[in-house]
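Novice: sequence first, predicted coordinates after that:
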Amino acid sequence: MITLAPAATALVLIDLQEGILGMPLAPRSGAEVLAAGREMAARFRAAGAPVVLVRVGWAADFADAPPRAVDQPMQLPRGGLPESWSALAEGLAQPGDILVTKRHWGAFHGTDLDLQLRRRGVRSIVLGGIATNFGVESTARAAWEHGYDVVLAEDLCTSAAAELHEMSVTRILPRIARVSAAAGVRLAAA
C-alpha cells in the first residue's frame, strides 16, 4: 500500500478524450480506463486532493503540432480531426478540477502544469491515462525530472498494444516511479 498526503498529491489523468478513448487499445479498452479514472478522480476529490485532466489538441491546420521531420510523423486525417476529438470524456471534469491542454506527448512542456502543481504545494502525482508509453510515460519522465514523486496507477493506463504497455510498466516506469494498482494507493493525512 502506498500512502500519500492529499494536501501534497494530485491525480493527473492523460488524454481521456473523445478522439482517443475509442481507438483500438490494450491491455484495457478506453472505456475500462475511463471508468477506473472516474473512480480514482472521485477518491481524490473526496479527499480534497487536486485532479488534473490533461487533453491533447492542435489547431485545425495542425500548425502547432510537434515537428514532423521524423521517420513516422503523426498523420492528420483527410478533412482534419473531428471537432470533438480533443473534448474530455463527457462528465469527466468536475468543478475545481485543473484542465490542461498539451500539444506534445508529455503534459509539462509548453503548459502551466508545473506552476499549477507547485502553487498548490503538490509534491507527488498519481498518474494514469492513455497511452502508457506515449503521453503517460512522457509526463512521468518530466515529472520525475521536475522533482515530483510519481506513482503510476497501472490499471488506469492502456496503450496501442499490450506489449507497449508492458514494456513501459515493467522496464521504464519502475526506474522513475512506483508502479501500483489504483487500489494500492491510499490518501491519508500524515
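Specialist: Looks like it arrived, so ask away.
Novice: where does pLDDT dip in this protein?
Specialist: 190 (pLDDT under 70).
Novice: do that again at 90, thanks
Specialist: 59-68, 73-83, 189-190 (pLDDT under 90).
Novice: tell me where it has helices.
Specialist: 18-21, 30-47, 113-119, 137-145, 162-167 (DSSP state H).
Novice: nearest to A189, out of those?
Specialist: When the helices of the chain are compared by CB to CB, helix 30-47 sits nearest A189, at 9.0 Å. For every residue, glycine as well, the C-beta is placed using N, CA and C.
Novice: G128: which of the helices of the chain is closest?
Specialist: helix 30-47 (5.8 Å).
Novice: quick one: list the elements packing against that closest one.
Specialist: strand 9-14, helix 18-21, strand 51-56, strand 124-130, strand 149-158, strand 185-187 (3 or more CB pairs under 8 Å, 6 or more residues apart in numbering; DSSP states H and E).
Novice: need those in JSON lines (columns: distance to L81 and mean neighbour count).
Specialist: Formatted as JSON lines, the helices and strands packed on helix 30-47 follow (distance: least, CB to CB, whole Å; neighbours: other CB atoms under 10 Å):
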{"stretch": "strand 9-14", "distance to L81": "18", "mean neighbour count": "28"}
{"stretch": "helix 18-21", "distance to L81": "6", "mean neighbour count": "18"}
{"stretch": "strand 51-56", "distance to L81": "10", "mean neighbour count": "24"}
{"stretch": "strand 124-130", "distance to L81": "16", "mean neighbour count": "26"}
{"stretch": "strand 149-158", "distance to L81": "21", "mean neighbour count": "24"}
{"stretch": "strand 185-187", "distance to L81": "33", "mean neighbour count": "17"}
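Novice: rewinding a little: reformat the helices of the chain as CSV; add distance to V151.
Specialist: Output for the helices of the chain, formatted as CSV (distance: least, CB to CB, whole Å):
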stretch, distance to V151
helix 18-21, 22
helix 30-47, 11
helix 113-119, 14
helix 137-145, 9
helix 162-167, 17
